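> Sequence and predicted model, in that order:
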Amino acid sequence: MSEWAPKRFWTAAETIEIENGFSVTLDGRNVRTPAKTPLIVPTRALADAIAQEWQAQDDKIDPATMPFTRMSNSALDKVATQFGEVADMLAAYGDADLLCYRAESPAELATRQAEKWDPVLDWAAETLDARLEPRTGIMHAPQDGEVLAGLTAKVHQFTPFQLAAFHDLVSMTGSLILGFAATYRLHDAETLWDLSRLDEAWQEEQWGEDEEATELANRKKSELVFAELFYRLASAT
């Protein structure tokens, strides 16, 4: 059987402003999500990015080339419909944040973790009013409950579109604090990615790179960079 793919049926994809935000039309017809939800996004910048994806399609539609559309669909069909559960799931990363679990040895790795991660924890204490304490070893040790409650409240302040991007920022780095650091622009996404892979980089220095692992890491890095960009566009005024 020949491979089937939906075909382009429109001439022009355009951004329009509506009462609750911005939408995209295809020859005047409003785009909807896979769940048939009207595709209404919070900013013109994000709507323009979606319209450009639709306009760039050839005869056959390729969803792989439409990341802004895909994440917006997820924000509306998945995140918005279970916002509390998603927010709580991401906030839970704070109780076992990557930045808090330090190597017992070798001393060089432990020193590198302290040099690179402590400034980010200090930033979180000052900017987020959340002092997370580092631990040595891999055994879980709970963080202060009031600190975690404060971080959870901040996660719940995101919009569904911001939370959709925040999901990737947190899950790909393994760190709630690095996710917040991206939203506050403490560092760019590439730097945050490098901070999240301190242990892997150390192993590569000792034993060399694994091509498959490097390829996978590069894909995830690209996805992290995109998530940061999506957050920016979903937050633009």
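Nice, I can see it.
> among the helices and strands of this protein, which has the poorest mean pLDDT?
helix 198-207 (a mean of 89; mean pLDDT, DSSP states H and E).
> low-confidence ranges in this protein?
Along the chain, the parts satisfying pLDDT under 70 run over 1-5, 237.
> If we use 80, what do you get?
1-8, 208-210, 236-237 (pLDDT under 80).
> ok, residues contacting the biggest helix by length in the chain?
Longest helix in the chain by number of residues (criterion: DSSP state H): helix 211-235. Contacts to helix 211-235, defined as C-beta atoms under 8 Å, 6 or more residues apart in numbering, come from residues 41-43, 45-46, 49, 67-68, 71, 75, 159, 161-162, 164-169, 172-173, 182-183, 188-190, 192-193, 197, 200. Where C-beta positions appear, they are placed from N, C-alpha and C, glycine not excepted.
> List of residues touching stretch 11-30?
9-10, 31, 38-44, 46-48, 50-52, 54-55.
> Filter those down to the ones in strands?
40-41 (DSSP state E).
> Of the contacts of stretch 11-30, grab the buried ones for ChimeraX.
Per 16 or more other C-beta atoms under 10 Å, the buried members of the contacts of stretch 11-30 correspond to this ChimeraX selection:
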select :31,39,40,41,42,43,44,46,47,48,50,51,54
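> quick one: which of the contacts of stretch 11-30 sit in helices?
Judged by DSSP H, helices contain the following of the contacts of stretch 11-30: 44, 46-48, 50-52, 54-55.
> Please enumerate the strands of the chain.
13-18, 21-26, 29-30, 40-41, 101-102, 135-136.
> orientation of the first one relative to strand 21-26 in degrees?
Angle, strand 13-18 to strand 21-26, by axes from the mean of the first three to the mean of the last three C-alpha atoms, to 10 degrees: 150 degrees.
> just how off-centre is strand 13-18 within its chain?
In terms of C-alpha atoms, centre = their mean, to the nearest Å, the centre of strand 13-18 is set 25 Å apart from its chain centre.
> Adjacent strands (with direction) for it?
strand 21-26 (antiparallel) (DSSP bridges).
> again, but for the fourth one
In the sheet containing strand 40-41, the strands it pairs with under DSSP bridges are strand 21-26 (antiparallel).
> Ok, the last one next?
Take DSSP bridges as the rule and strand 135-136 pairs in its sheet with strand 101-102 (parallel).
> Residues touching the partner strand, excluding its own?
Residues contacting strand 101-102 (C-beta under 8 Å, 6+ apart): 110, 113-114, 117, 134-138.
> cool, and stretch 90-100?
With C-beta under 8 Å, 6+ apart as the contact definition, stretch 90-100 has outside contacts at 117, 120-121, 130, 132-135, 140, 142-143, 147-148, 151-152, 155-156, 163, 166-167, 170-171, 173-179, 195-196.
> I'd like to know how far Asp59 sits from Phe9.
10 Å (C-beta to C-beta, to the nearest Å).
> now do Tyr101
Distance from Tyr101 to Phe9, by C-beta to C-beta: 52 Å.
> now do Thr15
19 Å.
> what does Ala110 give?
59 Å.
> ditto for Cys100
To Phe9, Cys100 is 52 Å away according to C-beta to C-beta.
> who's in contact with Ser74?
Contacts of Ser74 by C-beta under 8 Å, 6+ apart are Ala164.
> Go ahead and confirm Val147 touches Ala125.
No. Contact criterion C-beta atoms under 8 Å: Val147 and Ala125 do not qualify, at 9.1 Å.
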